[in-house]
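[1] Below is the structure, and that's it, no one-letter string:
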């Protein structure tokens with residue numbers, strides 16, 4: 001098995017990026033960080049100690065969040081003056097009124113449970129969308145979907161001795177350190193958007209001295225590491241608009257985009273008024289597990305690649321540097337996670353980016369011979385199982401790494 005194709009060099013990341021941003025000579029993580037250089041101080045150390053003390057509580061709150069009492073501050077921005085406007089906009093676009101009341105009790109990036117999916121709306125919506133696409137003359141290059149997902153970036157396969165040791169240890173569990181990613185691409189599959197990463201710290205120690213502008217992700221932070229309406233609005237206005245405009249100019253097509261999103265409260269419908277070029281379209285409530293392209297295997301594929309890359313790097317480090325798996329795991333930082341996020345996202349094949357649109361926009365899905373998300377994920381998990389066995393973790397099975 002050739003591991004090199006799966007392993008980015010953590011210490012010396014590549015110097016090119018397909019997002020259009022200039023990368024300085026030092027690569028994605030230039031030493032010194034240029035204009036954004038930050039030096040250590042007593043205040044920095046105090047801030048880090050406070051953040052570390054809050055990490056476990058934040059992780060638990062995220063998984064148990066209800067958008068009620070503890071989430072009132074989070075949700076108030078979505079359900080005040082913009083509520084009626086959001087409903088009106090969605091009715092105007094597709095004649096569908098969102099279940100905003102139900103969304104109050106939904107964590108910001110929680111995927112819809114397939115057991116509660118609205119199959120009738122999922123059956124009708126593709127034809128309604130097709131009509132809108134035809135009337136607006138949107139091509140597969142001009143239709144995009146974005147969706148959030150949580151990533152436990154330092155989690156090990158469940159039955160490794162590290163995972164077992166951490167489970168019984170007191171204090172903060174590194175495997176519970178969670179970040180939120182926003183991933184997206186177009187229906188053609190030839191434009192994958194630069195990921196949005198939301199972490200619970202704006203200045204983690206591993207990124208001290210690095211300019212955020214040169215990261216291969218759009219970096220945001222709040223205490224809980226959640227997507228919020230404020231973050232999504234800033235991304236929409238200051239990042240996504242310019243990225244999509246550059247893509248359209250490169251392809252020689254009109255700057256006219258239909259952006260499909262679910263009706264989570266962190267996606268304010270009023271954003272549509274900020275751009276004449278990007279039209280928001282909302283999926284019906286409780287249909288994301290059935291229709292949303294990102295939920296049809298794209299995110300699952302990305303996560304399987306991320307874990308595979310992490311374990312491949314562990315094999316490389318333990319073999320070449322005479323380190324133990326525990327040494328690798330303890331020294332694995334959010335900086336390394338960002339490197340693997342970029343590599344894993346770039347690795348998702350075009351046939352997956354396009355094929356996941358089959359249920360929502362059948363007319364855009366190409367006929368890739370032998371394409372199946374399950375087979376892609378199965379191959380990644382097979383490689384992962386091999387790496388864990390190379391590390392002496394023979395007790396790890398496919399079921400543990402899903």
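    Received, thanks. Quick caveat, the model's predicted, so the values are computed rather than measured.
[2] What is the burial count for residue 201?
    The local packing of residue 201 (other Cβ atoms under 10 Å) involves 21 other residues. Quick note: C-beta positions are derived from backbone N, CA and C, even for glycine.
[3] quick one: it and residue 221 touch, right?
    Yes: here residue 201 reaches residue 221: they are 5.8 Å apart, a contact under Cβ atoms under 8 Å.
[4] Quick check: neighbours shared by the two?
    Shared contacts of residue 201 and residue 221, defined by Cβ atoms under 8 Å, 6 or more residues apart in numbering, are absent.
[5] could you pull out the helices for the stretch 101-250 of the chain?
    Per DSSP state H, counting those that start in this stretch, the stretch 101-250 of the chain carries helices over the ranges 119-136, 161-168, 229-235, 241-251.
[6] Let me have the ones you listed in a markdown table, adding mean pLDDT and mean neighbour count as columns.
    Output for these, formatted as a markdown table (pLDDT from 0 to 100; neighbours: other Cβ atoms under 10 Å):
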| stretch | mean pLDDT | mean neighbour count |
| --- | --- | --- |
| helix 119-136 | 96 | 14 |
| helix 161-168 | 50 | 13 |
| helix 229-235 | 96 | 19 |
| helix 241-251 | 98 | 15 |
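[7] May I see those arranged in TSV, with distance to residue 257 as well?
    Output for the helices of the stretch 101-250 of the chain, formatted as TSV (distance: least, Cβ to Cβ, whole Å):
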stretch	distance to residue 257
helix 119-136	10
helix 161-168	42
helix 229-235	14
helix 241-251	5
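[8] quick one: low-confidence parts of the chain?
    1-116, 157-175, 368-371, 392-402 (pLDDT under 70).
[9] where do the strands sit along it?
    Under the criterion DSSP state E, the chain carries strands at the ranges 143-152, 178-186, 196-199, 218-221, 257-261, 278-282.
[10] so what's residue 374 closest to, chain neighbours aside?
    Closest residue in space to residue 374, ignoring its immediate chain neighbours: residue 297 at 7.7 Å, by Cβ to Cβ, 6 or more residues apart in numbering.
[11] now swap in residue 307 and tell me
    In space, and not counting its chain neighbours, residue 307 is closest to residue 384: 6.0 Å by Cβ to Cβ, 6+ apart.
[12] doesn't residue 306 make contact with that neighbour?
    No: with contact defined as Cβ under 8 Å, residue 384 does not count as touching residue 306 (10.4 Å).
[13] Looking only at neighbour counts, state which of these two leads.
    A count of neighbours by other Cβ under 10 Å puts residue 384 above the other of residue 384 and residue 306, at 25 against 21.
[14] Show the contacting residues for the more buried one.
    304, 307, 308, 311, 401.
[15] In the residues you listed, which residue is surrounded by the most others?
    Using other Cβ under 10 Å as the neighbour criterion, residue 311 leads the contacts of residue 384 with 29 neighbours.
[16] show me what contacts that one?
    Residue 311 is in contact with 157, 384, 387, 388, 391, counting by Cβ under 8 Å, 6+ apart.
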